[in-house]
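K.L.:
let me see the structure of the following:
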Amino acid sequence: PKKEPFFRLNRMRMSNAIVYLFCLMFIASIPGGVAFFLSDHPADVPPTLFVLQFVFFYYVFFSFFGLLSLSVLALITLWLSKGLQRKLTYRQLWKMSAYAITLPLLLYTLAESLNVNNGFILSFLFLLSLGLVSRLITVFPKRSA
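P.N.:
Down below sits the predicted model:
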């Protein structure tokens, strides 16, 4: 990766990363919502009630665990950046992680829609995210002694 896009990340607002992340989480939660609708949807329940259940129960919990996982990923990469002696803060690493999980989260969505989701795939996608952010960390300059 080239250095210029990563330094541009410092000028991006945290709110943009959060909105992007919530949109990404919504896309990733669609296969689970569709599966829930097709399997547990009684004929007498109105569709508006189903939409409310999906948004308030499934999507909110999905987003919460997504944010929690992203924060853990950023914390791990903070330790990694300290070990590699890079000039990065937790805020920068959180934004980097938020954008780096795009591909793993879309792969998760594909796996979920094909109904091949299991613990191995989730572990692989987390390690893929960690690898992507680790690669981004190595671009930043080392701390001066």
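
K.L.:
could you list the low-pLDDT ranges of the protein?
P.N.:
1-11, 40-43, 143-145 (pLDDT under 70).

K.L.:
closest to the centroid, which residue in it?
P.N.:
residue 101 (4.6 Å; CA atoms, centre = their mean).

K.L.:
how about that one: what's its closest non-neighbour residue?
P.N.:
In this structure, residue 101 finds its nearest non-sequential neighbour in residue 129, 4.9 Å apart by CB to CB, 6 or more residues apart in numbering. Any C-beta I mention is one placed from the backbone N, CA and C, and that applies to glycine too.

K.L.:
mind listing the strands for the chain?
P.N.:
In order along the chain, the chain carries no strands (DSSP state E).

K.L.:
in this structure, which helix has the most residues?
P.N.:
Counting by DSSP state H, the longest helix found in the chain is helix 14-40.

K.L.:
determine the set of other helices and strands touching it.
P.N.:
helix 60-83, helix 90-100, helix 102-113 (3 or more CB pairs under 8 Å, 6 or more residues apart in numbering; DSSP states H and E).

K.L.:
what's the most buried one of the ones you listed?
P.N.:
helix 90-100 (a mean of 21; mean count of other CB atoms under 10 Å).

K.L.:
which other helices and strands contact it?
P.N.:
Helix 90-100 packs on helix 3-9, helix 14-40, helix 60-83, helix 119-137, going by 3+ CB pairs under 8 Å, 6+ apart.

K.L.:
how far away is the residue nearest to the centre of the chain from residue 22?
P.N.:
Residue 101 is 13 Å from residue 22, where distance means CB to CB, to the nearest Å.

K.L.:
using JSON lines, lay out the helices and strands packed on helix 90-100 together with distance to residue 112.
P.N.:
Output for the helices and strands packed on helix 90-100, formatted as JSON lines (distance: least, CB to CB, whole Å):
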{"stretch": "helix 3-9", "distance to residue 112": "28"}
{"stretch": "helix 14-40", "distance to residue 112": "4"}
{"stretch": "helix 60-83", "distance to residue 112": "11"}
{"stretch": "helix 119-137", "distance to residue 112": "9"}
